[in-house]
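**Q** starting from these lines, generate the structure:
(one chain, ligands or ions: 2)
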Amino acid sequence: MALPGDTKYDCIVIGAGIQGSFTAYHLAKLRKKTLLLEQFPLPHSRGSSHGQTRIIRRAYEEHFYTHMMEECYQLWTELEKESGAQLFRKTGLLVLAKAGNEEYEKVCKNMLENQIPWESLSPAEMKLRYPGLFLSPGEVACCDINGGVLFAEKALRALQMLFKQMGGIIRDGEKVMHIKPGPVVTVTTTSSIYQADGLVITAGPWAQKVLRPLGLQLPLKTLRINVCYWREKIPGKSGILQSLPCFLGFNLNGEEHEVYGLPSQEYPGLIKICFHGGNEADPEERDLKAQNPNIQDIEKLSSFISRYIPGLHPKPAVVEQCMYTNTPDTNFILDHHPLHKNIVIGAGFSGHGFKLSPVVGKILSELCIGEKQSYDLKPFRISRFKTPLKAAL
Ligand SMILES: Cc1cc2nc3c(=O)[nH]c(=O)nc-3n(C[C@H](O)[C@H](O)[C@H](O)COP(=O)(O)OP(=O)(O)OC[C@H]3O[C@@H](n4cnc5c(N)ncnc54)[C@H](O)[C@@H]3O)c2cc1C
Ligand SMILES: O=C(O)[C@@H]1CCCCN1
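**A** Numbering: from 1, shown residues only. Ligands and ions are numbered 1, 2, ... in the order given. Okay, here's the model as predicted:
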């Protein structure tokens, strides 16, 4: 095992998911000598950033996310140019809801106030554009015109490639076992010891496990998400495969949780439609059957599909898994460790962090090197929770 002092970095980033990879990329751009550590050999599918697709949208209830998305779109385009890879496909993002739904109203108001290109769609327009999708009377739809799909796996690969080209070092298959805080932080992995002036922890669903020994108990819940893909009953019959864009449904079919979908991409002929929620699970044990599942997500999806998209077979053809790490208010955590200012935390991305990762990475890199913040971080501070520090401290 290498001894401390052998390798000293400006910054170390723990976790090569999308948030850690974007942070490392920004740090390398700022000419910081940066090490990105990942416990699994890359690429892997055990965290939250794997799979081919994610939704990108400005349609948010909160102004601050819509505002952050302006720069995110620019940075995604920049990444496409630098890597030469197509990472975005514009499809529009349909928002569907029961009329009068509070979230829906807020999303529309936000798009209107921020002059985001969007349109409200009448039942007749919906029928014409999206045959195969059946809304009931009293249900409404609007479209965030520039919403669409991000090619997730390709984005991760592009970032890690560019990071290495800029001189960044990635050590995968190395799990961080111990962190010793101090003016210079010492990080011990399963095979080496490293030191740095600053540390960024972006450990996804493992955040609690990494932060607990540092005396920090954040109110995070890790959920196992079933990622479901659905087949048409009669191939080509419903028209849904050709026409369905990304969509987000609030409060449809009596559901308080959202249902969302993306056009066919990963598997020819299959459409991804999922439930924005799941049962609590430890990331190490996510493949074990949930003991007492309190959300019957797949049953709820089957019922949604039978009612709204009856051209699809109501049993999923493929089911995969992914993890959410939720905060109580579903806003991210982007902050310094309360006691160790050179340790920075990015966590709790609550199932909506991918599209925002270009700006999340920028914010975390600024926090790490003590640069002036580009964004107001009030919604993301640890101090919004009551008892983040363990009594032992
Ligand atoms: C099913 C699903 C659908 C989603 N849909 C969308 C969407 O449409 N749009 C959107 O914007 N977002 C979406 N999200 C959310 C988005 O994908 C996540 O917010 C984002 O991927 C979180 O990235 P991360 O880097 O924080 O976590 P991860 O990708 O989990 O990365 C954390 C990394 O840290 C590593 N690590 C942990 N502990 C250690 C250790 N001790 N040593 C070394 N390495 C360690 C892990 O192995 C992992 O690779 C979705 C998420 C899921 C699961
Ligand atoms: O971040 C998003 O846009 C989606 C919304 C639906 C649930 C999964 N994440």
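
**Q** helices of the stretch 151-300 of the chain, start to end?
**A** With DSSP state H, counting those that start in this stretch, the ranges of helices along the stretch 151-300 of the chain come out as 152-165, 207-211, 240-243, 297-308.

**Q** and whichever residue of the stretch 1-150 of the chain sits closest to ligand 1, how many neighbours?
**A** Closest approach between the stretch 1-150 of the chain and ligand 1, counting by Cβ to the nearest ligand atom: Gly17, at 2.0 Å. Placement of C-beta: from N, CA and C, glycine included. By other Cβ atoms under 10 Å, 26 other residues sit near Gly17.

**Q** surely it is in contact with Gly204?
**A** Yes: applying Cβ atoms under 8 Å, one finds Gly17 in contact with Gly204, separated by 5.0 Å.

**Q** any common contacting residues for the two?
**A** Gly47, Ser48, Ser49 (Cβ atoms under 8 Å, 6 or more residues apart in numbering).

**Q** wait, which of these is closest to ligand 2?
**A** Of the shared contacts of Gly17 and Gly204, the one sitting nearest to ligand 2 (Cβ to the nearest ligand atom) turns out to be Ser48, at 10.7 Å.

**Q** identify the residues contacting the closest one.
**A** Per Cβ under 8 Å, 6+ apart, neighbours of Ser48: Gly17, Ile18, Gly204, Pro205, Cys322, Met323, Tyr324, Thr325, Phe349, Gly353.

**Q** and it, how far is that from Asn326?
**A** Ser48 sits 11 Å away from Asn326, going by Cβ to Cβ, to the nearest Å.

**Q** next, count neighbours for Glu366.
**A** With other Cβ under 10 Å as criterion, Glu366 counts 21.

**Q** whoops, Asp197 was the one
**A** Neighbours of Asp197 using other Cβ under 10 Å come to 18.

**Q** now it: closest residue in space, sequence neighbours ignored.
**A** Distance criterion Cβ to Cβ, 6 or more residues apart in numbering; nearest residue to Asp197, sequence neighbours excluded, is Asp10 at 5.6 Å.

**Q** tell me the angle the one helix or strand the one you found maps to makes with helix 152-165.
**A** Element membership for Asp10 (DSSP states H and E) is strand 8-14. Using axes from the mean of the first three to the mean of the last three Cα atoms, to 10 degrees, the inter-axis angle of strand 8-14 relative to helix 152-165 is 170 degrees.

**Q** strands paired with strand 8-14, and their directions?
**A** In the sheet, strand 8-14 lines up against strand 34-37 (parallel), strand 193-201 (parallel) (DSSP bridges).

**Q** ok, the residue of the stretch 151-300 of the chain found nearest ligand 1 to Thr186 distance?
**A** For the stretch 151-300 of the chain, the residue closest to ligand 1 is Gly204, as judged by Cβ to the nearest ligand atom, at 2.3 Å. Distance, Gly204 to Thr186, by Cβ to Cβ: 23 Å.

**Q** more neighbours, those two?
**A** More neighbours surround Gly204 than the other of Gly204 and Thr186, with 26 against 17 (other Cβ under 10 Å).

**Q** report pLDDT for the residue nearest to that one when sequence neighbours are not counted.
**A** Once flanking residues are discounted, Gly204 sits nearest to Gly47: 4.5 Å by Cβ to Cβ, 6+ apart. Per-residue confidence (pLDDT) for Gly47: 96.

**Q** next up, the contacts around Gly47.
**A** By Cβ under 8 Å, 6+ apart, the residues touching Gly47 are Gly15, Gly17, Gly204, Pro205, Trp206, Pro283, Met323.

**Q** list the buried residues of stretch 43-58.
**A** Buried residues in stretch 43-58, defined by neighbour count with 16 or more other Cβ atoms under 10 Å: Arg46, Gly47, Ser48, Ser49, His50, Gly51, Thr53, Arg54, Ile55, Ile56, Arg57, Arg58.

**Q** what's the closest of the residues you listed to Glu258?
**A** Nearest to Glu258 among the buried residues of stretch 43-58 is Ile55, at 11.0 Å by Cβ to Cβ.

**Q** if I look at that closest one, how far off is Glu71?
**A** From Ile55 to Glu71 the distance is 18 Å (Cβ to Cβ).

**Q** and what of Leu214?
**A** Remark: distance between Leu214 and Glu71 (Cβ to Cβ) = 30 Å.

**Q** so those two - more neighbours on which side?
**A** A count of neighbours by other Cβ under 10 Å puts Leu214 above the other of Leu214 and Glu71, at 21 against 15.

**Q** quick one: pLDDT of that one?
**A** Leu214 is given a pLDDT of 98.

**Q** now the one 4 residues further on
**A** The confidence metric pLDDT takes the value 97 at Leu218.

**Q** quick one: contacts for it?
**A** Leu218 makes contacts with Ala207, Gln208, Leu211, Thr327, Ile333, Ile345, Ala347, Gly348, Ile382, Phe385, Pro388, as judged by Cβ under 8 Å, 6+ apart.

**Q** neighbours around the nearest residue to the fourth one once chain neighbours are set aside, how many?
**A** It refers to Thr327. Distances taken as Cβ to Cβ, 6+ apart put Gly348 closest to Thr327, at 3.7 Å, once the chain neighbours are dropped. By other Cβ under 10 Å, 26 other residues sit near Gly348.

**Q** TSV for the helices of the stretch 151-300 of the chain, including mean pLDDT and mean neighbour count?
**A** Formatted as TSV, the helices of the stretch 151-300 of the chain follow (pLDDT from 0 to 100; neighbours: other Cβ atoms under 10 Å):
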stretch	mean pLDDT	mean neighbour count
helix 152-165	98	19
helix 207-211	98	21
helix 240-243	86	17
helix 297-308	94	18
